[in-house]
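Enquirer: Based on what follows, work out the 3D shape:
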Amino acid sequence: MRLLHLHSSFNPGGKELRAVRLMNAFGKGVSHDIVSASPGAHGAAAAIAPGIAFAFPDFPSLEGRPLPGRLQRIARAMKPYDLVLTYNWGAMDAVMAHTLFRDFLGLPPLVHHEDGFNEDEADGLKTARNWFRRIALARASALVVPSKSLEAIALGPWQQPRGRVRLIANGIDVKAYRARPRADALPRIVKRPDEKWVGTLAGLRAVKNLPRLVRAFCAMPEPWQLVILGEGPEREAIRAEARRLDVAHRVHLPGFVPDPSKAVGLFDLFALSSDSEQFPISVVEAMAAGLAVASPAVGDVAGMVSVENRPFVTAPGDEGALAQSLETLAADADLRRRVGAANRAHAEAHYDEKTMISAYRATYGAALRRPRFP
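Expert: Prediction:
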């Protein structure tokens, strides 16, 4: 079986690493052709398991004006596959191409995935894009969203029928996060016995607003270090803010970690600073590792964490409140342990990846009209 994945970028991020986990779960009977609209942005492939067949084929550009000729070229390139999987706004031209030419060209079924917004829609949806999505999604077999807030957008502004929208919460192998990693598990940094780490996992993109996290962190006492795991174009902006605040010696960017279960347990506290999220996998990973979470109330975060953690989920954009959450949790080890234990229990009860994988199998199988997928 041949699957085509169309991404705006295949650099490591929540949706890309979820796609990889699904590829690994589907096994050797499925091959995957992966297209990134950003040339060379293929870093998430490092997490694909040995033996899984994948390639980065030549494919018409996903960027450009949605003119009929270009859309038809994209549509024709879909023909050799059994199932087309598209991700976020960056692949929406391909979704439109499929809707326009599906019957004429006899195209395979398409399932679209929406996981959230970049900085250009972080402050509000764009009317023109809402209209484009309404039309483009008209012949998709399913629209998969991970959060209740995105489900409401799909049913509301995007005017998708209830039967097309699938809410599938992100899941992970929660048991893999119970073991504490070695102090030298990360590249270019070793945790010393006298250190405490506040950490995060994120693509280094503007929408993650990691300079905000540097500012919220800067008043924390000297034993605390800020460790940001990920790669992306905002690396220098983060470093510049750390230098400006004279905390560069305590802010570390070791890069992308293919297996977060071998790293997150080194943190003593987890933080998020994004302008926009939906159902961030990194928060689930932190919870499974038994960490307290300080975060703005973006997307479903307030509902994801345990009841004990909710006082530390603060108003979006309130940098002072985020800093206060970090300082309160940093000052009280017993509080961190209690909140972290509640988070771990909540993650184990609600966010195991077996449930997620089963839901994706059912969704893709329904699109293919097969009782079982793959």
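
Enquirer: can we go C-alpha only for contacts and neighbour counts from here?
Expert: Fine.

Enquirer: Can you show me the strands along the protein?
Expert: Here the chain has its strands, by DSSP state E, at 2-7, 31-36, 53-55, 83-87, 110-113, 142-145, 165-167, 196-201, 224-229, 251-255, 269-271, 293-296, 313-314.

Enquirer: Check which helices and strands the second one sits against.
Expert: This points to strand 31-36. Using 3 or more C-alpha pairs under 8 Å, 6 or more residues apart in numbering; DSSP states H and E, the elements in contact with strand 31-36 are strand 2-7, strand 53-55.

Enquirer: So what are the sheet partners of that strand and their directions?
Expert: With DSSP bridges as the test, strand 31-36 is paired with strand 2-7 (parallel), strand 53-55 (parallel).

Enquirer: next one: the last one
Expert: In its sheet, strand 313-314 lies beside strand 293-296 (parallel), with partners assigned from DSSP bridges.

Enquirer: now do the fourth one
Expert: According to DSSP bridges, strand 83-87 forms sheet pairs with strand 2-7 (parallel), strand 110-113 (parallel).

Enquirer: what residues go with each domain of the chain?
Expert: As assigned by automatic domain parsing, the chain contains the domains 2-171+353-368, 174-350.

Enquirer: pLDDT (mean, whole number) over the last one?
Expert: If I follow you right, that is domain 174-350. Mean per-residue pLDDT for domain 174-350: 96.

Enquirer: How far does that domain stretch from one end to the other?
Expert: One end of domain 174-350 sits 10 Å from the other (C-alpha to C-alpha, to the nearest Å).

Enquirer: follow-up on the earlier one: so which of the helices and strands packed on strand 31-36 gets nearest Lys175?
Expert: The closest of these to Lys175 is strand 53-55. By C-alpha to C-alpha, the value is 26.9 Å.

Enquirer: If we go by neighbour counts, what in the closest one is buried?
Expert: Buried residues in strand 53-55, defined by neighbour count with 16 or more other C-alpha atoms under 10 Å: 53-54.

Enquirer: Would you mind pulling the contact partners of that strand?
Expert: Applying C-alpha atoms under 8 Å, 6 or more residues apart in numbering, the contact partners of strand 53-55 are 28, 30-34.

Enquirer: related to what we said a few turns ago, could you dump the strands paired with strand 31-36 into a markdown table with distance to Pro80 added?
Expert: Output for the strands paired with strand 31-36, formatted as a markdown table (distance: least, C-alpha to C-alpha, whole Å):
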| stretch | distance to Pro80 |
| --- | --- |
| strand 2-7 | 8 |
| strand 53-55 | 14 |
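
Enquirer: any chance of these in TSV, plus distance to Val339 and mean pLDDT?
Expert: Output for the strands paired with strand 31-36, formatted as TSV (distance: least, C-alpha to C-alpha, whole Å; pLDDT from 0 to 100):
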stretch	distance to Val339	mean pLDDT
strand 2-7	36	98
strand 53-55	41	98
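
Enquirer: between these, which one is nearest to Trp131?
Expert: Nearest of the strands paired with strand 31-36 to Trp131, taken as C-alpha to C-alpha: strand 2-7 at 20.8 Å.

Enquirer: So which of the domains of the chain is the most surrounded?
Expert: domain 174-350 (a mean of 20; mean count of other C-alpha atoms under 10 Å).

Enquirer: show me the contacts for the nearest residue to Asn130 once chain neighbours are set aside.
Expert: Closest residue to Asn130 apart from its sequence neighbours, by C-alpha to C-alpha, 6 or more residues apart in numbering: Trp158 at 5.5 Å. Neighbouring residues of Trp158 by C-alpha under 8 Å, 6+ apart: 130-131, 133-134.

Enquirer: What is the nearest of those to Pro60?
Expert: Closest to Pro60, out of all of the contacts of Trp158 and judged by C-alpha to C-alpha, is Arg133, at 20.4 Å.

Enquirer: Can you tell me the closest non-neighbouring residue to the closest one?
Expert: Trp158 (6.3 Å).

Enquirer: just Pro66 next, same as before
Expert: In space, and not counting its chain neighbours, Pro66 is closest to Asp93: 6.3 Å by C-alpha to C-alpha, 6+ apart.

Enquirer: gap between Arg182 and Lys262?
Expert: 8 Å.

Enquirer: actually Ala183, sorry about that
Expert: Relative to Lys262, Ala183 is positioned 10 Å away (C-alpha to C-alpha).

Enquirer: just Ala169 next, same as before
Expert: From Ala169 over to Lys262 the distance is 23 Å, taken as C-alpha to C-alpha.
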